[in-house]
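Visitor: What would the 3D arrangement of this be:
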Amino acid sequence: MKKHNYLLDGIILIILILAGFLGFIRIKNGFSYNWNWGAIPQFFFKMDTTGKVTPNLLMLGFFTTIKLSFWSSLAAVIIGTLMGILRTRRNLFSKLIGRTYIEIARNTPPLVLIFIFYFFIGNNITAFLGIDEWARNLSETGKSILSFLFSKPERFSEFISALFTLAVYEGAYVAEIIRGGLESIEKGQFEASDALGMSSRDKYRFVILPQVFRKVLPSLTGQAISTIKDSSIVSIISIQELTFQGMELMASTYLVFEIWITITVMYFVLTISLSTLASYLERRMVKY
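Guide: Numbering: from 1, shown residues only. Predicted coordinates for the structure are as follows:
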């Protein structure tokens with residue numbers, strides 16, 4: 001296996017940092033703009049009335065983006081795996097279901113999907129199931145758990161609408177990734193599973209899908225990163241994620257460049273962390 005050249009990566013990173021620093025100095029001196037970076041730290045954390053340090057707007061939006069991206073990616077993998085399996089089945093009806101879902105989801109703008117889920121499906125389904133009432137009637141402990149894992153009870157239905165929108169949209173791309181992984185598995189693996197008398201569920205669960213996920217992990221990581229970036233679009237339905245908080249701060253402080261540069265860095269930290277974790281998992285899989 002080819003040894004990774006970390007020295008070259010380090011040199012490239014240093015060059016990029018120097019170029020970014022020089023570019024920043026040039027912009028700072030060339031623009032007639034009064035930079036005020038000293039005002040940014042206060043939007044990360046604040047001190048409440050009891051003297052306890054709590055997250056402020058930027059960190060609250062950052063945490064919401066993480067939660068929304070995590071649950072959306074998880075749901076997208078589940079949906080995409082099921083639809084990817086249907087796309088590779090011999091049954092014509094199963095193929096039609098998978099193909100129809102993929103084509104509709106991939107060729108519909110996510111903004112349209114958000115409006116459909118939020119204004120039509122979200123408002124009607126959540127009202128019919130009583131999700132808002134259930135969230136409001138939770139105990140204080142239940143509300144704390146709900147806020148930690150998802151969102152505040154009063155914003156739970158909007159969060160679910162955004163989650164399903166991203167899951168349905170990203171799931172179509174995951175389905176194609178899974179389909180490609182399934183088609184790369186040797187036919188003998190399927191035949192051997194059938195010869196052992198394994199059920200269809202056990203065949204995919206214990207034999208096929210573990211091999212597929214190992215093969216498609218880099219592609220799934222790229223799709224998860226796309227989910228993080230695509231999550232910014234749900235700010236139009238007032239989901240208080242990172243982009244929404246940035247727009248609120250920009251409107252109230254007029255620190256246009258400082259706010260958006262900070263948010264860009266926060267998105268970069270989130271995506272590069274996910275990419276690094278995926279690279280580590282991939283190396284572990286290759287090793288064992």
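
Visitor: roughly how far is the host helix or strand of T100 from the heart of the chain?
Guide: Using DSSP states H and E, T100 sits in helix 92-106. How far helix 92-106 lies from its chain's middle: 23 Å, per C-alpha atoms, centre = their mean, to the nearest Å.

Visitor: my read: I228 touches T64, true?
Guide: No. The pair I228 / T64 is not scored as a contact, 11.9 Å apart, by C-beta atoms under 8 Å. The way it works is simple: take the backbone N, C-alpha and C, and place the C-beta from them, glycine included.

Visitor: If you count surrounding residues, which of those two has more?
Guide: T64 (24 against 21; other C-beta atoms under 10 Å).

Visitor: Spatially nearest residue to the spatially most central residue of the chain (excluding sequence neighbours)?
Guide: Geometric centre of the chain, nearest residue: S69, 2.8 Å, by C-alpha atoms, centre = their mean. The spatially closest residue to S69, leaving aside those adjacent along the chain, is I228, at 4.5 Å (C-beta to C-beta, 6 or more residues apart in numbering).

Visitor: ditto for S235
Guide: F244 is the one closest to S235 (C-beta to C-beta, 6+ apart), at 3.8 Å.

Visitor: Flag every buried residue along the helix or strand that contains that neighbour.
Guide: Here F244 sits within helix 242-253, counting by DSSP H and E. By 16 or more other C-beta atoms under 10 Å, the buried positions in helix 242-253 come out as L242, T243, F244, Q245, G246, M247, E248, L249, M250.

Visitor: Also stretch 55-70?
Guide: Buried, per 16+ other C-beta under 10 Å, within stretch 55-70: 56-62, 64-70.

Visitor: Could you dump those residues into JSON lines and include pLDDT?
Guide: As requested, the buried residues of stretch 55-70 are exported to JSON lines (pLDDT from 0 to 100):
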{"residue": "N56", "pLDDT": "91"}
{"residue": "L57", "pLDDT": "91"}
{"residue": "L58", "pLDDT": "93"}
{"residue": "M59", "pLDDT": "93"}
{"residue": "L60", "pLDDT": "93"}
{"residue": "G61", "pLDDT": "93"}
{"residue": "F62", "pLDDT": "94"}
{"residue": "T64", "pLDDT": "93"}
{"residue": "T65", "pLDDT": "94"}
{"residue": "I66", "pLDDT": "94"}
{"residue": "K67", "pLDDT": "94"}
{"residue": "L68", "pLDDT": "94"}
{"residue": "S69", "pLDDT": "94"}
{"residue": "F70", "pLDDT": "94"}
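
Visitor: give me the low-pLDDT residue ranges for the stretch 151-288 of the chain?
Guide: Low-confidence segments of the stretch 151-288 of the chain (pLDDT under 70): 287-288.
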